[in-house]
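got a structure for you, letters missing:
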């Protein structure tokens, strides 16, 4: 190497001291630079020498003549420079090889898979051809010996010839007639022998014919296996052909040809044994013993293969018998079901014919339209990846495609949902935190599962498969923090485009906005469940950690809610999303939002829409309770005159109308619905004006009716006691009537459960519940309570007081609870 080449130019800057990526070439064999598969130690040593810093001697020389400008003051040490060079070299090699070899590797893997499949079946067809050819020759040779015996006629002809020659030599005139013997013809036994033999020969030739056809089919498949186009198109084409093999039962058809040979061999053995039986019994015993032994051996192995699919004695006959048994079982179940439903055999037969007609119609349509749509091709490719691959990257790629296609009704995606769910859960650590490098994978798998819950209504389930409760909460909290902001922004982007679009583009954009909103609602639950599930309505979390949205950020969603007033599903989704606003929104849109809420709570609205509106107003209870802070008189009027009566309609339309429908599910107690309602009423009763309105609209009467279905382990007793206590303070006359309606048996249980719920559910940690304790005390003092129940109440009051003192919250309320505890102690 030229010594000048190893000395860098001193005029260059420090950035050029490092080897450039475009200058990194690998050893050349013919003058053309090519990337190498591996970097030898000699080449590394040479390159280290080329870019190495000056030697010790040159450094000393430079110190004598002046500072060297080869490296700046912050130059790298020699070992770090060598390590950096190796990293850059390997990185460059990976970049050069990955793009060039990815397509080659994919094509080679596809070629290997296809050739393995082709060689397997082509070898089977060769075996069938060779065996059928040899067996047909043997069979034909035996058939020629099984016909009528022509020796008698031949002997008679030879005798006549000899006689005539003798008479002619002696000059004796020929005057006698010598009739030929009549052939004996086929006996009954020979007819059956040859029938079986010819049947055996026919089955053998039919197997050979099928093998020839099979080789033609395989040859066509081999020539047309990839098609043309991009790598993605070729992959889809290959998957389409594999799906065709499965749909048309290609394997079962080819496996029938060896079965034909087995049948042919059995018929030949029976025919040969029967024929030899008429000739020689001793020889026949050997042939029959061999035939029976082979038949028994084959039957035993066939029976063993039918018992277990893991038996190594699997044959094509096993597959055919399994398919036949499955078909017969399905047919028997079909007729059994139709006989039970229709009670007549004729009706069952007609139903069966209709099924056959439908199948033929689908077959004709398939023949007339052999090319599937792009979605079906992508669908089959996704299913194949999920069924065969365990690579998380492959599963992530397949999952990212699931929301982009329309799934057919007969798709077998349900069996692969567990693979997606396991991959999703693997993106979180043992504490439920999202792994830093698994964000994209979690989003792809999570959105795919949400999409399947949304479109295919698949029962994927909630968090029942996770390990611990803490990990459950962490996983779904992290998941909502990732997916909810994305879904919110995506839906906002679609919704904001609606005003500028028209025609088909507007319809398409509206559908996209609707889908994005439903995906957001589905992601709010603790698990992968549908957006229409009750747990989403009442327990869905539509906010996330670090959520700093203001009322202005929800303006577009209010506009979308108003625009889709005819779409009840979209309105329900929008109301659930707006529950995160916890108020009426900005001043410009508060009136429109309030009117939409009132409209959604009408008795004619679907159950889900009414419940979504109840969830929205319940989450806004603190803002609505402070009605004195609302400056707009129109909004105040709507709240007081419309919201209060609409609440009862939202909860139970039949009860609000004064009637009871037998098919109305809302007439019964609903834990989560009534919890949201009671929380809302408890917050409103903190305002005197609201108290009067609630009493006038019969809400207190409905609260009393809940006492008949009270769940002592729910916060309902606490909320009811607070409501009754606050009404007692603001409307004594109405409260007196309410307490009179509460029986002497119900009241002790109510107040006792209220104080117990404050401890069990840790309501002393909630600000709105802490402010309700004076009302609970007011309610407790309204009626006489048995001494045993009063002692339990005293203990619970003392425990609540201690909890509040430790937390140093609301000293005035703590003081009032202490005073009440003192009064209970004295009594």
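That came through, no problem. Nothing here was measured: the structure is a model prediction, and the numbers come from that model.

switch to C-alpha atoms for all contacts and neighbour counts from now on
Fine.

in which helix or strand would I find the closest residue to residue 520 other than its chain neighbours?
With sequence-adjacent residues excluded and distances taken as CA to CA, 6 or more residues apart in numbering, residue 520 is closest to residue 487, at 5.3 Å. Per DSSP states H and E, residue 487 falls inside helix 469-496.

just the pLDDT at the residue nearest to the spatial centre of the chain, thanks.
Residue closest to the mean C-alpha point of the chain, counted by CA atoms, centre = their mean, is residue 417 at 3.1 Å. pLDDT, the model's per-residue confidence, is 81 for residue 417.

what are the boundaries of the strands in this protein?
461-462, 527-528 (DSSP state E).

could you tell me the least trusted of those strands?
strand 461-462 (a mean of 53).

so where's the stretch 301-450 of the chain shaky on pLDDT?
Residues of the stretch 301-450 of the chain meeting the criterion pLDDT under 70: 327, 330-377, 408-412.

what about the stretch 151-300 of the chain, any weak spots by pLDDT?
The low-confidence ranges in the stretch 151-300 of the chain, as defined by pLDDT under 70, are 151-153, 155-156, 174-189, 224-236.

can you map out the helices along it?
Taking DSSP state H, counting those that start in this stretch as the criterion, the stretch 151-300 of the chain carries its helices at 151-170, 188-223, 231-247, 250-279, 281-307.

between the ones you listed, which gets nearest to residue 634?
With CA to CA as the criterion, residue 634 lies closest to helix 231-247 of the helices of the stretch 151-300 of the chain, at 60.5 Å.

my read is that residue 443 contacts residue 483, right?
Yes. Counting by CA atoms under 8 Å, residue 443 does reach residue 483; the two are 7.0 Å apart.

out of the helices of the stretch 151-300 of the chain, flag the one nearest residue 581.
Once the helices of the stretch 151-300 of the chain are compared by CA to CA, helix 231-247 is nearest, at 44.7 Å.

next, the distance between the ends of stretch 384-397.
12 Å (CA to CA, to the nearest Å).

no, scratch that, I was asking about stretch 555-572
17 Å.

which residues touch it?
Stretch 555-572 has contacts (CA atoms under 8 Å, 6 or more residues apart in numbering) with 492, 495-496, 514, 517-518, 574-575, 578, 585-586, 589, 592-593, 596, 605-606, 608-610, 612-613.

and those residues, which of them are buried?
Neighbour counting by 16 or more other CA atoms under 10 Å classes 492, 495-496, 514, 517-518, 574-575, 578, 585-586, 589, 592-593, 596, 605, 608-610, 612-613 among these as buried.

who's in contact with stretch 669-676?
Contacts for stretch 669-676 (CA under 8 Å, 6+ apart): 538, 611, 614-615, 618, 651, 706, 709, 715-716.

pull out the buried members of those.
538, 611, 614-615, 618, 651, 706, 715-716.

what's the burial count for residue 169?
9 (other CA atoms under 10 Å).

residue furthest from the geometric center of this protein?
Computed with CA atoms, centre = their mean, the maximum C-alpha offset from the centroid of the chain is found at residue 171, amounting to 106.8 Å.

need the phi and psi values for that one.
phi 70, psi 20 (degrees, to the nearest 10).

got a list of what it touches?
Neighbours of residue 171 in contact, by CA under 8 Å, 6+ apart: none.

from residue 163, how far off is it?
12 Å.

hmm, the residue nearest to the centre of the chain is touching residue 450, no?
No. Taking contacts as CA under 8 Å, residue 417 lies outside contact range of residue 450: 10.7 Å.

can you give me the helices in the stretch 351-500 of the chain?
So, for the stretch 351-500 of the chain - with DSSP H, counting those that start in this stretch - the helices run 374-388, 392-401, 417-425, 439-455, 469-496.

out of these, nearest to residue 127?
Of these, nearest to residue 127 by CA to CA is helix 374-388, at 30.1 Å.

could you list every helix and strand in contact with the helix holding residue 487?
helix 503-522, helix 555-563 (3 or more CA pairs under 8 Å, 6 or more residues apart in numbering; DSSP states H and E).

so which bits of it are buried?
471-485, 487-488, 490-496.

and the angle from it to helix 439-455?
Orientation note: helix 469-496 sits at an angle of 70 degrees relative to helix 439-455 (axes from the mean of the first three to the mean of the last three CA atoms, to 10 degrees).

state the mean pLDDT of helix 469-496.
On average, helix 469-496 scores 86.

tell me the angle it makes with helix 503-522.
Going by the same axes, to 10 degrees, helix 469-496 makes 160 degrees with helix 503-522.

mind putting the buried ones among the contacts of stretch 669-676 in a markdown table, distance to residue 508 and pLDDT included?
Below are these laid out as a markdown table (distance: CA to CA, whole Å; pLDDT from 0 to 100):
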| residue | distance to residue 508 | pLDDT |
| --- | --- | --- |
| 538 | 31 | 93 |
| 611 | 28 | 94 |
| 614 | 30 | 95 |
| 615 | 30 | 95 |
| 618 | 34 | 94 |
| 651 | 35 | 86 |
| 706 | 46 | 86 |
| 715 | 45 | 91 |
| 716 | 45 | 91 |
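
among these, find me the one that's closest to residue 792.
When these are compared against residue 792 (criterion: CA to CA), the nearest one is residue 715, at 17.8 Å.
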